[in-house]
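>>> Sequence and predicted structure are below.
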Amino acid sequence: MRPENYQARSHPPSHEYELFIGPNHPGIEGNYAFKLRLHGDRVIEGKADAGYLHRGFEKLMEGRLWIQNIALVPRICVPDPVPMEVSYSLAVEELCGLEVPERAQWLRVLQLELSRIAAHLFTFGGHASTTGMYTNMFWGVADRDRILDLFEELSGGRVYHIFNIPGGVRRDVPPGFLGRVAATMDYLESRLPDYDNLFFRNQVLVDRAKGVGVLDQETALELGVTGPNLRATGLAFDVRRDDPYLVYDQLEFDIPTESAGDAYARTLVRRAELVQSIRIVRQVIERLPEIPGPVRAPIPNPLAWKVPAGEAYTRVESSKGELAWYVVSDGGEKPYRVHVRGASMMHAVQVLEHLARGARIEDVAQIMFTLDACPPEVDR
Amino acid sequence: MNQGSRELQVWLDDLLAEIEQVEMRRKRERRMRLDVDADALPTLLELLKGKASYVHLSAITCVDWIAEGEFELIYHVWSYETQSLISAHTRIPREPGRYLSVYDLYKPAAFFERDIYEMFGVYFEGSPFMEKFILTEWDGPPPMRKDFDSEAYINQFFNWQEYRPDWLKELEAQGGGIAIPPDEQRYSRRED
């Protein structure tokens, strides 16, 4: 089945050539292809090509129970799974009118911020390796591992935690856990000067990343850019503050912005966000012991759980930008329709194609990594 | 929310209450649901974007209501000014499943419309990129439609294979192995 306006691509003129980056390439985040038309080392046009990671989550979820889907959702985006669990749970809770206990909300914030730190460390590593600095990647992955250790202790799973369920979280924190989180935060903070010297203030990075992939605020808004990429163009918008969920309105944090809108600015925004996330985690550690109560609202028998008919649209701020779930129930044991909107649906397709135009070959991978485009989110 | 944004919100609420083809419902703080006739939706979005600052298209969702023979299209738009999200719902007949693109208003629509065309077969007139994206090698019916049954498709085109390696047989001989046969584990095959 061809769409009605399909037209076969004409053969490129002789001074142009084509280059396929991906689907299996170190300069691409995940299995994703980016097809370039080049003149010399300048990109004339780039075409994103997804589908290598399509697992049909939305269809699968229609055939599974509300509670079973919790095991599926974190798999949509590997580096940052917690926002998926939380936003899906928020949608189901809105449909049922479930009140989440306050302690569970704080525990969710704790996980969300830890996940954000881990995802940002990963992204710095990606950006560094596309500019030839592999040490930073090793450091980032090693420090991310300390957060994965915390998640392992908390939930039993290092990457997929499946810890947030509709109604709250599965368990309370183990004894002594908050102390270990605090120690990890202190450690990460003590590492930041090293990261600055190695990476963020490194002249190699400054020369390579400044002025690359420049996105001005007007174009960013037009293309639907969200998250750190939007904040790097100077607009201080954050779902956590402007469309608050959980207990973010009780927390103090700044929304870092930069004005240049280039690859360097995007990475600097993420670095500043990491500092803010550490700040939030410390506030949670301070407040959590005072907050009593259960960590889970009572839910009906999860194997025969009929969620009232209705629809809900919930948004959270993931490390990549706006993440939203639209969930429809017809009153049955399974969702009637679920739709996930990941930030990368914009960043990895239209924004990447826009920024690649006129860029040089060696900057394409850098642009993709600084957009923090996560292909599994596009494919679903 | 500053004074100007609040005035804008009040003005928009009054205006929407007046338009006959629009049914308005406030779901909770920062969430509003509008039910709009299909022929009025593009104009409504133009109004929301041009006059009421709803510049961010968060998503377009398609829901297949097969019993009613309709597709529901939902446009989620967000305003950075008034910090609220409007979900504009509209319904189009399932056959022939054609609608207008809003690409000239919202650039992100191109992605969602392409996705909906691929997954549901709803064609958007005027959308710039409608070639296949995710399901490049798929020529069956649009898979997200409710009348596409994944399990029936698999049964038709693939063979089930029993997986019983030797090591499992040894375990079973000792009284171990998989306690519940895979067929009975599957919820979709449960009979009740």
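Good, I have the coordinates. Numbering: from 1, shown residues only, chains lettered A, B, ... in the order given.

>>> what about the strands in the stretch 251-380 of chain A?
A:310-318, A:321-329, A:337-341 (DSSP state E, counting those that start in this stretch).

>>> Can you list the strands that the shortest one pairs with?
Spelled out, it's strand A:337-341. With DSSP bridges as the test, strand A:337-341 is paired with strand A:321-329 (antiparallel).

>>> got the angle between the strand it pairs with and strand A:310-318?
160 degrees (axes from the mean of the first three to the mean of the last three C-alpha atoms, to 10 degrees).

>>> CA atoms only for strand A:321-329 - export them in CSV, please.
Output in CSV follows, covering the C-alpha atoms of strand A:321-329 (Å, rounded to 0.1, in the frame of the first residue of the first chain):
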residue,chain,number,x,y,z
GLY,A,321,11.5,16.6,27.3
GLU,A,322,7.8,16.3,27.5
LEU,A,323,6.4,12.8,27.9
ALA,A,324,2.7,12.2,27.7
TRP,A,325,0.3,9.3,27.8
TYR,A,326,-3.2,9.4,26.5
VAL,A,327,-5.2,6.5,27.9
VAL,A,328,-8.8,5.5,27.1
SER,A,329,-10.8,3.0,29.1
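
>>> closest one to B:His89 among the strands of the stretch 251-380 of chain A?
B:His89 sits nearest to strand A:310-318 of all the strands of the stretch 251-380 of chain A, at 8.6 Å, using C-beta to C-beta. All C-beta atoms are positioned from the backbone trio N, CA, C, and that covers glycine.

>>> pLDDT value on the residue in chain B positioned nearest to chain A, please?
Per C-beta to the nearest C-beta, the residue of chain B with the smallest distance to chain A is B:Pro108, at 3.5 Å. Here, the pLDDT recorded for B:Pro108 equals 90.

>>> In contact with it, which residues are there?
By C-beta atoms under 8 Å, 6 or more residues apart in numbering or on different chains, the contact list for B:Pro108 reads A:Leu223, A:Gly224, A:Met345, A:Met346, A:Gln350, B:Leu57.

>>> So which of these sit within helices?
Secondary structure from DSSP state H places A:Met345, A:Met346 of the contacts of B:Pro108 in helices.

>>> could you redo the contacts of B:Pro108 as TSV and give each row distance to B:Glu170, pLDDT and neighbour count?
Output for the contacts of B:Pro108, formatted as TSV (distance: C-beta to C-beta, whole Å; pLDDT from 0 to 100; neighbours: other C-beta atoms under 10 Å in any protein chain shown):
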residue	distance to B:Glu170	pLDDT	neighbour count
A:Leu223	59	90	23
A:Gly224	57	88	29
A:Met345	48	89	26
A:Met346	53	87	29
A:Gln350	55	88	20
B:Leu57	58	91	22
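
>>> between the contacts of B:Pro108, which is closest to A:Glu311?
Comparing the contacts of B:Pro108 against A:Glu311 with C-beta to C-beta places B:Leu57 closest, at 18.0 Å.

>>> Report the beta-bridge partners for the closest one.
B:Val77.

>>> shouldn't it be in contact with A:Leu223?
No. Look at B:Leu57 against A:Leu223 with C-beta atoms under 8 Å: they stay out of range, at 10.2 Å.

>>> got the contact list for A:Glu113?
A:Ser277, A:Ile280, A:Val281, A:Val284.

>>> let's see it at 6 Å
Shown in contact with A:Glu113 (C-beta atoms under 6 Å, 6 or more residues apart in numbering or on different chains): A:Ser277, A:Ile280, A:Val281.

>>> Okay, and it sits in which element?
helix A:102-130 (DSSP states H and E).

>>> Any idea how far that helix is from the middle of the chain?
Distance of helix A:102-130 from the chain centroid (C-alpha atoms, centre = their mean, to the nearest Å) equals 9 Å.

>>> swap in stretch B:107-123?
10 Å.

>>> likewise stretch A:211-222?
When C-alpha coordinates are averaged (C-alpha atoms, centre = their mean), stretch A:211-222 and its chain have centres 20 Å apart.

>>> mind listing what's buried in the helix holding A:Glu113?
A:102-130 (16 or more other C-beta atoms under 10 Å in any protein chain shown).

>>> Spell out, range by range, the helices that occur in chain B.
B:3-18, B:41-52, B:109-120, B:150-157, B:166-173, B:182-185.

>>> Among those helices, which one carries the weakest average confidence?
Looking at the helices of chain B, the lowest mean pLDDT belongs to helix B:182-185 (a mean of 60).

>>> Kindly provide the distance from whatever residue of the stretch 151-300 of chain A ends up closest to chain B to A:Leu150.
Using C-beta to the nearest C-beta, the closest approach of the stretch 151-300 of chain A to chain B is made by A:Gly224 at 3.5 Å. For A:Gly224, the distance to A:Leu150 equals 34 Å [C-beta to C-beta, to the nearest Å].

>>> That concludes my questions; thank you for your assistance.
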